[in-house]
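Colleague: return a 3D structure for these sequence lines:
(chains A and B)
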Amino acid sequence: QVQLQQWGAGLLKPSETLSLTCAVYVDSFRGYYWSWIRQPPGKGLEWLGEINHSGSTNYNPSLKSRVTISVDTSKNQFSLKLSSVTAADTAVYYCARQTYYDFLTSYYYYMDVWGEGTTVTVSS
Amino acid sequence: DIQMTQSPSSLSASVGDRVTITCRASQSISSYLNWYQQKSGKAPNLLIYATSSLQSGVPSRFSGSGSGTDFTLTISSLQPEDFATYYCQQSYTTPRSFGQGTKLEIK
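Modeller: Take a look at the predicted model:
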């Protein structure tokens, strides 16, 4: 059974850098995109970005240049860094596996395995 | 970016009811639409992918339909464990985007 275990600092001051890591316990790290999603208190889900095993990334433009996702295939881990945090970055952060359904040469991506979430609070 | 809009935002229903939640995309996304269920304090759980494919282990009372810009999630007969918040999500392009959620409450 695939499991994602995530960790990182839970309390930050404004202007600091958020850093989270997600370890993937699975038979293969390849063939998927690995994603980060966050959820502010009482609000909906926001996709932050994704990375594959070769390091190819896609980011949410709403975060501009503040977000960086990296991968360490030797450890089956991927990480999120979000710089210059403010109170608006207070949220539960989730890592997730994004797999796909291949039908008639179309690839239907979906997030089928999620980490348990890490609560990050930004406060002075 | 593609905006996803769900309706209603909240819904009260009783055990045994048939419930439908609607999701509309700001542009055509073909069938690249997924549905998730989230219970309080937990990570989202995938219900349906590619509009109508049921994820393994998900009860058959859940179903999805639609194409283009309009999609629906239907629960044929509500069970007590179905009271939760539901999100749609498009995977047509990046950035991936979610609907704002539909909170399903007990009447």
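Colleague: and residue A:53, how far from residue A:30?
Modeller: Per CB to CB, to the nearest Å, residue A:53 is found 5 Å from residue A:30. Backbone N, C-alpha and C define where each C-beta goes, glycine included.
Colleague: next, count neighbours for residue 66.
Modeller: Here I'm looking at chain A. For residue A:66, the count of nearby residues is 17 (other CB atoms under 10 Å in any protein chain shown).
Colleague: let me rephrase: I mean chain B.
Modeller: 19.
Colleague: who in chain A is up against chain B?
Modeller: If contact is defined as CB under 8 Å from any CB of the partner chain, the residues of chain A in contact with chain B are A:35, A:44-47, A:49-50, A:58-62, A:94, A:96, A:101, A:103, A:106, A:108-112, A:114-117.
Colleague: can you give me the strands for the chain?
Modeller: Answering for chain A, as no chain was given. Applying DSSP state E to chain A gives strands spanning A:3-8, A:11-12, A:18-25, A:33-39, A:46-52, A:57-59, A:67-72, A:77-82, A:91-103, A:106-114, A:118-122.
Colleague: look at chain B instead
Modeller: Taking DSSP E as the test, the strands found in chain B are B:4-7, B:10-13, B:19-25, B:33-38, B:45-49, B:53-54, B:62-67, B:70-75, B:85-90, B:97-98, B:102-106.
Colleague: could I get these as JSON lines with mean pLDDT?
Modeller: Formatted as JSON lines, the strands of chain B follow (pLDDT from 0 to 100):
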{"stretch": "strand B:4-7", "mean pLDDT": "98"}
{"stretch": "strand B:10-13", "mean pLDDT": "97"}
{"stretch": "strand B:19-25", "mean pLDDT": "98"}
{"stretch": "strand B:33-38", "mean pLDDT": "98"}
{"stretch": "strand B:45-49", "mean pLDDT": "98"}
{"stretch": "strand B:53-54", "mean pLDDT": "98"}
{"stretch": "strand B:62-67", "mean pLDDT": "98"}
{"stretch": "strand B:70-75", "mean pLDDT": "98"}
{"stretch": "strand B:85-90", "mean pLDDT": "98"}
{"stretch": "strand B:97-98", "mean pLDDT": "98"}
{"stretch": "strand B:102-106", "mean pLDDT": "96"}
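Colleague: quick one, what contacts residue A:13?
Modeller: Counting by CB atoms under 8 Å, 6 or more residues apart in numbering or on different chains, residue A:13 touches A:122-124.
Colleague: confirm for me that residue A:12 is in contact with residue A:20.
Modeller: No: the criterion here is CB atoms under 8 Å, and residue A:12 misses it with residue A:20 at 11.0 Å.
Colleague: look up the residues that both of those two are in contact with.
Modeller: residue A:120.
Colleague: JSON lines for the strands of chain B, including distance to residue A:16?
Modeller: Putting the strands of chain B into JSON lines (distance: least, CB to CB, whole Å) gives the following:
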{"stretch": "strand B:4-7", "distance to residue A:16": "31"}
{"stretch": "strand B:10-13", "distance to residue A:16": "36"}
{"stretch": "strand B:19-25", "distance to residue A:16": "36"}
{"stretch": "strand B:33-38", "distance to residue A:16": "28"}
{"stretch": "strand B:45-49", "distance to residue A:16": "32"}
{"stretch": "strand B:53-54", "distance to residue A:16": "42"}
{"stretch": "strand B:62-67", "distance to residue A:16": "41"}
{"stretch": "strand B:70-75", "distance to residue A:16": "39"}
{"stretch": "strand B:85-90", "distance to residue A:16": "29"}
{"stretch": "strand B:97-98", "distance to residue A:16": "27"}
{"stretch": "strand B:102-106", "distance to residue A:16": "33"}
